[in-house]
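Chemist: My questions are about this predicted structure, shown below with the sequence.
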Amino acid sequence: MKKIVTILVTFLFVVHTHAQRQDTVPDMTRDGATLNEVVIMGNNSRKDMLMKSSQSLVRIDKSEIVSSLSGSLMQSLSSIPGVKAINIGSSQSKPAIRGLGFNRMAVTENGIKHEGQQWGEEHGLEIDQFAVDCVEIIKGPAALLYGSDAIGGVINLYSDIPPAKPFEGKTELFMRSVNESLGLSVRVAGKNNWFYYKANLTLVDYADYKVPTDSIQYYSYYIRLKEQRLRNTAGKERDGSLLCGYAGERFSTSFRISDTYVRSGFFANAHGLEVRLSDIDYDRSRCDIDLPRHDVNHLKVTNHSAWRTGAVRWESNLSYQNNLRREHSEPVSHGYMPMPPGTLERKYIKNTYTASLGMKALIAERHSLNAGLNVEHQHNRRSGWGFIIPDFETTSWGGYTFDRYFLSDDLILNAGIRINRVVTRIHSYHDWYKTPVAGSDSVYRERSARLRRSFNSFTWSLGVNYSAGAWIWKANIGKSFRVPIPKELGADGVNYHIFRYEKGEAGLSPEESYQFDAGIYWHNEALDIRLDSYVNYFPNYIYLNPTSAYTEGLQTYYYTQSRVIRYGVEADIRYRFLRRLEAVVKGEYLYAEQLSGNKKGYTLPFSPPWSADVELKYTFGSGEDGETGFISAAYRTVGNQHEIVPPEKSTAGYSILNLSAGKVFAWKECRLRLNLQALNLLGKKYYDHTSYYRQIDVPEPGRNFSLLIGFDF
């Protein structure tokens with residue numbers, strides 16, 4: 001591996017030397033979508049954006065995020081075909097791209113991969129959605145540029161765009177009826193010559209959320225809900241960030257520190273039947289946060305720098321992340337485990353250190369060459385009376401080179417390779433209580449054995465973009481990889497949040513993926529068509545397989561691998577007529593099947609069903625004086641999902657109606673923004689197949705009104 005790193009460093013030096021001989025500075029419109037400054041500050045026309053990548057690429061600006069603002073960032077983005085929010089209640093969620101979530105897709109913030117405890121079903125994304133200026137989504141394998149975990153795609157978040165004025169700011173007040181949430185977000189920013197700053201503060205409080213049912217069924221027990229509220233799902237969120245930067249002609253750098261704190265409860269009746277014997281009066285108040293609950297704090301310190309040497313543009317990222325997660329539950333004896341001494345069920349402290357160096361150069365006026373090196377180290381420690389994953393350290397390093405060859409401005413070929421090495425060290429863990437063993441005395445059972453695994457990978461990608469008049473075609477084929485995470489290798493214990501026993505497999509192989517993507521796009525003044533399709537083959541897909549066996553009284557799930565085929569299609573069609581009216585039709589379909597193993601012929605667990613959205617939008621106001629507005633009605637239809645892996649439940653399809661409206665009032669340089677949404681206007685009772693609470697028949701929230709009042713100055 002040292003030889004390979006040496007070769008890559010030498011390659012960067014040679015490219016730098018050759019590029020300096022070029023007489024011209026690279027044309028920024030020929031830069032790809034891999035470096036932050038280029039992505040945000042380049043030519044933002046539709047054609048240039050579509051031609052930046054041979055994969056499906058979607059960009060969402062701040063105004064679009066605000067117009068569809070929901071309880072979490074991923075819920076706000078979930079209307080994009082192929083993008084899904086795995087909901088954890090009404091105010092938390094985690095992302096999925098084309099049915100792949102958790103550690104199969106990456107979320108980056110200002111070019112740095114966000115690292116929390118994303119392996120958990122109940123773990124949301126610890127990022128302030130009000131601090132995000134722009135979102136860029138790459139659908140499809142992106143391990144070539146982003147490393148392991150980007151096998152399904154990447155959500156790039158940008159919150160470091162420099163302000164344009166000496167002083168500016170915004171205040172946003174928002175509220176939602178379904179959980180009585182009330183929030184305030186404030187931003188101040190400014191620029192003085194080459195220096196700039198930006199500060200954000202967000203405060204959110206919410207109560208137990210409402211669902212359109214009076215009771216739910218958990219196993220064979222019916223649980224009544226007071227005032228149709230899921231007891232103990234209240235919470236609060238506190239976010240803050242500060243960015244300071246310098247933007248010169250040939251050098252720019254920015255330092256950012258952010259901290260996100262979330263405390264929220266879990267639906268008490270979903271945490272085991274023992275809650276029926278609890279002394280806690282969960283119906284005393286809809287605003288208190290009782291047991292079970294979690295407290296999460298995510299601290300992130302980052303530096304992003306970019307500079308030029310001759311015709312070469314360099315970029316570096318440095319970051320430190322600290323994720324502190326504590327899960328508290330009422331102490332209950334289970335199996336051979338006696339009554340625990342306190343409420344701390346699990347505690348995780350994860351420190352992540354990241355460094356990367358990238359370069360970009362235009363060679364011979366037709367080659368836009370990207371190359372880079374990166375390294376990441378994760379250090380995770382646990383405590384508490386509940387065990388699910390062991391202590392571990394993971395170190396990864398690798399390098400890539402990616403070339404875009406311009407046969408013309410309308411025909412671009414690209415190719416790239418990446419090498420990676422990942423070393424995972426898992427620590428031994430023994431129970432804190434004794435378990436009887438046949439033929440001997442009781443012992444402290446070893447749940448996790450000491451383990452060291454090393455993984456090497458080679459990935460590649462080939463793609464093409466072609467533009468002809470109103471048409472754009474693109475295609476991409478490549479190989480991606482993902483190394484098994486410590487939970488998949490070393491889990492051995494009860495997952496009380498889902499009430500099952502999970503068992504890891506130390507001998508799992510790295511997950512590989514071969515995927516072909518193709519997209520067709522057509523555009524004129526009235527009609528905009530986007531069609532994306534993909535085929536995805538996994539020789540060794542890793543998943544949690546349910547069995548008929550029971551351990552400590554709970555159904556046993558174990559990690560295994562099988563061959564899997566996945567394919568799907570996404571569509572986004574927009575038609576503008578009568579000058580101010582726009583009709584939008586969006587949809588997606590995904591099929592997955594296991595080709596080997598004892599679940600051969602089955603789909604993958606919790607695969608999303610097909611969905612389609614029809615929206616009619618009317619806009620008013622010229623925009624010349626800064627005053628604009630809109631009114632829209634959207635009808636969403638989701639199909640049945642009967643392709644399941646038992647004990648997963650089938651989910652019936654549904655249709656819901658959503659209304660929204662917005663208006664901007666201008667006064668000099670100030671803007672007053674109003675956004676109103678009415679979600680599930682008819683109060684339809686329905687189930688989301690991928691929801692955290694689906695297995696205990698908890699429906700999605702009922703009628704929900706939300707209001708955002710923003711003031712920009």
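Modeler: That came through, no problem.
Chemist: can you pull the contacts of the closest residue to residue 703 other than its chain neighbours?
Modeler: Leaving aside its chain neighbours, residue 703 sits nearest to residue 683 (4.4 Å; criterion: Cβ to Cβ, 6 or more residues apart in numbering). (C-beta placed from N, C-alpha, C; glycine too.) Residues near residue 683 by Cβ atoms under 8 Å, 6 or more residues apart in numbering: 212, 702-703.
Chemist: In CSV: those residues, plus secondary structure, pLDDT and neighbour count.
Modeler: Shown next, in CSV, are these (DSSP: H, G, I helix; E, B strand; the rest coil; pLDDT from 0 to 100; neighbours: other Cβ atoms under 10 Å):
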residue, secondary structure, pLDDT, neighbour count
212, coil, 94, 15
702, coil, 92, 20
703, coil, 95, 16
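Chemist: From those residues, pick the one nearest residue 45.
Modeler: Closest approach to residue 45 among the contacts of residue 683 (Cβ to Cβ): residue 703, at 40.0 Å.
Chemist: ok, back up a step: let me know the helix or strand that the residue nearest to residue 703 is in.
Modeler: According to DSSP states H and E, residue 683 maps onto no helix or strand at all.
Chemist: Distance of it relative to residue 78?
Modeler: Here residue 683 is placed at a distance of 20 Å from residue 78 (Cβ to Cβ, to the nearest Å).
Chemist: What ranges does the stretch 351-500 of the chain have for its strands?
Modeler: 367-383, 392-408, 411-426, 429-430, 446-448, 451-468, 471-482, 492-495, 500-503 (DSSP state E, counting those that start in this stretch).
Chemist: buried ones in the third one?
Modeler: Right, the one you point to is strand 411-426. Residues 412, 414-426 are the ones in strand 411-426 that count as buried (16 or more other Cβ atoms under 10 Å).
Chemist: ok, residue 663 - contacts?
Modeler: Counting by Cβ under 8 Å, 6+ apart, residue 663 has contacts 627-629, 673-674.
Chemist: For residue 59, give the beta-bridge partners.
Modeler: Residue 59 forms beta bridges with residue 136, as assigned by DSSP bridges.
Chemist: what's the distance between it and residue 46?
Modeler: 10 Å.
Chemist: between these two, which one's more packed in?
Modeler: Ranked by neighbour count (other Cβ atoms under 10 Å), residue 59 and residue 46 place residue 59 first, with 19 against 12.
Chemist: who touches that one in this structure?
Modeler: Residue 59 makes contact with 44, 49, 134-137, according to Cβ under 8 Å, 6+ apart.
Chemist: so the residue nearest the centre of the chain is in which element?
Modeler: Central residue of the chain (Cα atoms, centre = their mean): residue 95, 3.6 Å from the mean position. Element membership of residue 95, judged by DSSP H and E, is strand 93-97.
Chemist: Outside of that strand itself, list whatever touches it.
Modeler: Residues outside strand 93-97 that contact it (Cβ under 8 Å, 6+ apart): 71-75, 77-78, 82-88, 101-102, 105, 107, 118, 123-125, 137, 139, 152-153, 155, 608, 690.
Chemist: Neighbouring strands of it in the sheet, and parallel or not?
Modeler: For strand 93-97, the paired strands and their directions (DSSP bridges) are strand 83-87 (antiparallel), strand 100-101 (antiparallel).
Chemist: which stretches of the chain form helices?
Modeler: Secondary structure of the chain (DSSP state H): helices at 2-20, 36-41, 46-51, 62-67, 73-77, 143-146, 486-490.
Chemist: average model confidence for the fifth one?
Modeler: Spelled out, that is helix 73-77. The pLDDT scores in helix 73-77 average 88.
Chemist: cool, stretch 53-61 as well?
Modeler: Across stretch 53-61, the average pLDDT comes to 93.
Chemist: how far is that stretch from where the chain is centred?
Modeler: Centre-to-centre, stretch 53-61 and its host chain are 15 Å apart (Cα atoms, centre = their mean, to the nearest Å).
Chemist: Which residues belonging to it are considered buried?
Modeler: For stretch 53-61, the neighbour count (16+ other Cβ under 10 Å) marks 53-60 as buried.
Chemist: farthest-separated two in these?
Modeler: Farthest-apart pair in the buried residues of stretch 53-61 is 54 and 60; separation 20.2 Å (Cβ to Cβ).
Chemist: Mean pLDDT lowest where, among the helices of the chain?
Modeler: Comparing mean pLDDT across the helices of the chain, the weakest is helix 36-41, with a mean of 35.
Chemist: Tell me how many other residues crowd the closest residue to residue 121 other than its chain neighbours.
Modeler: Spatial nearest neighbour of residue 121, excluding adjacent residues (Cβ to Cβ, 6+ apart): residue 692 at 5.8 Å. For residue 692, the neighbour count with other Cβ under 10 Å is 23.
Chemist: Touching, residue 692 and residue 85? I think so.
Modeler: No - counting by Cβ atoms under 8 Å, residue 692 stays clear of residue 85, with 10.9 Å between them.
Chemist: Need the buried ones from the contacts of residue 663 selected in ChimeraX.
Modeler: Buried subset of the contacts of residue 663, written as a ChimeraX selection, criterion 16+ other Cβ under 10 Å:
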select :627,628,629,673
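Chemist: Quick check, residue 374 in contact with residue 147.
Modeler: Yes - between residue 374 and residue 147 there is a contact under Cβ under 8 Å: 6.8 Å.
Chemist: Overlap of the contact sets of these two?
Modeler: Common neighbours of residue 374 and residue 147 (criterion: Cβ under 8 Å, 6+ apart): residue 398.
Chemist: neighbour count winner among those two?
Modeler: Neighbours were counted for residue 374 and for residue 147 using other Cβ under 10 Å; residue 147 has more, 27 against 21.
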